[in-house]
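*Asks:* starting from these lines, generate the structure:
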Amino acid sequence: MRRETTPIAIGIVGIGKIARDQHLPALAAEPGFKLAACASPHSRVEGLTHYTTLEAMLAVEPALQAVSLCTPPQVRFAQARAALAAGKHVMLEKPPGASVSEVTILAELAQQHGCSLFASWHSRHAPGVEAARAWLANRSIVSVNVQWKEDVRRWHPNQAWIWEPGGLGVFDPGINALSILTRVLPQAFFLKSADLWVPSNQQTPIAASLAFTDVHGTSIQAEFDWRHDAGELWQIDVTTRDGTLRLAQGGKHLTIDGVEVDVGPEREYPSLYARFLELIAAGESDVDVRPLQHVADAMLLGRRHLVEPFEP
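*Replies:* Numbers count the residues shown, from 1 in each chain. Take a look at the predicted model:
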């Protein structure tokens, strides 16, 4: 017989596109959480208690047990620190922060305050990812090719923060591919070289070409581009000595040597919140900074090429 438990009261901070498209529906469908309040300076959710800042929400809603941060990464550290200091469990949208050091410090703060911190990587919860990981686990990999291309105006309309330092530019979607690679490839890999194409009027890249390898010298190539208007291309091909694996549509579809594998329905964000519940129940955190570290390496090692101005 299933034991009924009281839902965890959660507040959501940052009511933008990702919150409305993914977080709110996922929370509405998850009985383990009760969405109690939201905080956003300009947007609100109908029927939900609204605050303009996280600090105001924490001050007036002491019964909140958890906070989900859907704000831009540049402001995420201060918000997460405040929530952890108030004794709240915290879930971070991707990327979890503007720098690796920020996220590392947040993990330490969560431990000090006895809270769970979840640096979420939603693409790892795409239905094909775990099946791909299992198939690749004991195979010899020959090469990896990543194509992660989309139209920035469709997926990030009027979002100026992505073009500012800490906003990651094309790595905001590209980090999804890196989160999948760091999950499914059996060997750790590192960056050898990178080329970054940066609009002359912006601070972050609109396209990037990355060359990685591992201790075996495996060729791992990744192409990210925000100027792709022919439909989204979110695809990873892994060639092994036993055949070729393809994750398509961001990990929603898996084929091996062209034969489709049944991986079940898509439930990325519901799966994220189920994972957050598990962490809270176990008193644990899940903070993997490897995808963000690869982006930091690309920013450090990348050759920058100025291209024509881009107006979001």
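*Asks:* pull the contacting residues for the residue nearest to the spatial centre of the chain.
*Replies:* Note on the chain: the residue nearest the mean C-alpha position is K94, at 3.0 Å, using Cα atoms, centre = their mean. Going by Cβ atoms under 8 Å, 6 or more residues apart in numbering, K94 touches A119, S120, W121, H122, S123, I175, N176, S179, P291. (Glycine included, C-beta is placed from N, CA and C.)
*Asks:* now with 6 Å?
*Replies:* W121 (Cβ atoms under 6 Å, 6 or more residues apart in numbering).
*Asks:* now swap in A63 and tell me
*Replies:* A9.
*Asks:* distance of it relative to P72?
*Replies:* 27 Å (Cβ to Cβ, to the nearest Å).
*Asks:* before we move on, the earlier item: quick check, the residue nearest to the centre of the chain in a strand?
*Replies:* No: counting by DSSP: H, G, I helix; E, B strand; the rest coil, K94 falls outside a strand, being coil.
*Asks:* in stretch 102-121, what's buried?
*Replies:* Neighbour counts using 16 or more other Cβ atoms under 10 Å place 102-103, 106-107, 109-110, 113, 115-121 of stretch 102-121 among the buried residues.
*Asks:* what would it look like as CSV? C-alpha coordinates only.
*Replies:* Provided in CSV are the C-alpha atoms of stretch 102-121 (Å, rounded to 0.1, in the frame of the first residue of the first chain):
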residue,chain,number,x,y,z
GLU,A,102,30.0,29.8,-8.5
VAL,A,103,28.3,26.4,-8.8
THR,A,104,31.1,24.7,-6.8
ILE,A,105,30.6,27.2,-3.9
LEU,A,106,26.8,26.7,-4.0
ALA,A,107,27.3,22.9,-3.6
GLU,A,108,29.4,23.6,-0.5
LEU,A,109,26.8,26.0,0.8
ALA,A,110,24.1,23.4,0.3
GLN,A,111,26.0,20.9,2.4
GLN,A,112,26.6,23.5,5.1
HIS,A,113,22.9,24.3,5.4
GLY,A,114,21.7,20.7,5.1
CYS,A,115,19.9,21.4,1.8
SER,A,116,19.7,19.6,-1.5
LEU,A,117,21.1,21.4,-4.5
PHE,A,118,20.2,20.1,-8.0
ALA,A,119,22.1,21.4,-11.0
SER,A,120,19.7,20.1,-13.5
TRP,A,121,20.6,19.1,-17.1
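*Asks:* neighbouring contacts of it?
*Replies:* 77, 80, 84, 89-92, 94, 96-97, 179, 272, 276, 279-280, 285-287, 289.
*Asks:* would you mind finding the longest strand in the protein?
*Replies:* Secondary structure assigned by DSSP state E gives strand 189-199 as the longest strand of the chain.
*Asks:* next SSE after that strand?
*Replies:* Downstream of strand 189-199, the next assigned helix or strand under DSSP states H and E is strand 207-214.
*Asks:* give me the element N176 is part of.
*Replies:* With DSSP H and E as criterion, N176 is part of helix 171-184.
*Asks:* about what we covered before: got phi/psi on the residue nearest to the centre of the chain?
*Replies:* phi -90, psi 150 (degrees, to the nearest 10).
*Asks:* mind checking pLDDT for it?
*Replies:* What the model reports for K94 is a pLDDT of 96.
*Asks:* residues contacting T71?
*Replies:* T71 neighbours (Cβ under 6 Å, 6+ apart): V13, G14.
*Asks:* so Q65 sits right up against A9, yeah?
*Replies:* Yes: using Cβ atoms under 6 Å, Q65 is in contact with A9, at 5.1 Å.
*Asks:* buried ones in the longest strand of the chain?
*Replies:* F189, L191, A194, D195, L196, W197, V198, P199.
*Asks:* and if you look at stretch 179-192?
*Replies:* Under 16+ other Cβ under 10 Å, the buried positions of stretch 179-192 are S179, I180, L181, T182, R183, V184, L185, F189, L191.
*Asks:* tell me how far the second one lies from G11.
*Replies:* Note on I180: its distance to G11, by Cβ to Cβ, is 29 Å.
*Asks:* ok, the third one next?
*Replies:* Distance, L181 to G11, by Cβ to Cβ: 33 Å.
*Asks:* what's the distance between the residue nearest to the centre of the chain and R44?
*Replies:* Distance, K94 to R44, by Cβ to Cβ: 24 Å.
*Asks:* same check, this time on F190
*Replies:* In terms of Cβ to Cβ, F190 sits 44 Å off from R44.
*Asks:* what do you get for E55?
*Replies:* Taken as Cβ to Cβ, the span from E55 to R44 is 17 Å.
*Asks:* same for whichever strand or helix holds R304, what does it pack against?
*Replies:* According to DSSP H and E, R304 maps onto strand 303-307. Applying 3 or more Cβ pairs under 6 Å, 6 or more residues apart in numbering; DSSP states H and E, one finds that strand 303-307 makes contact with strand 189-199.
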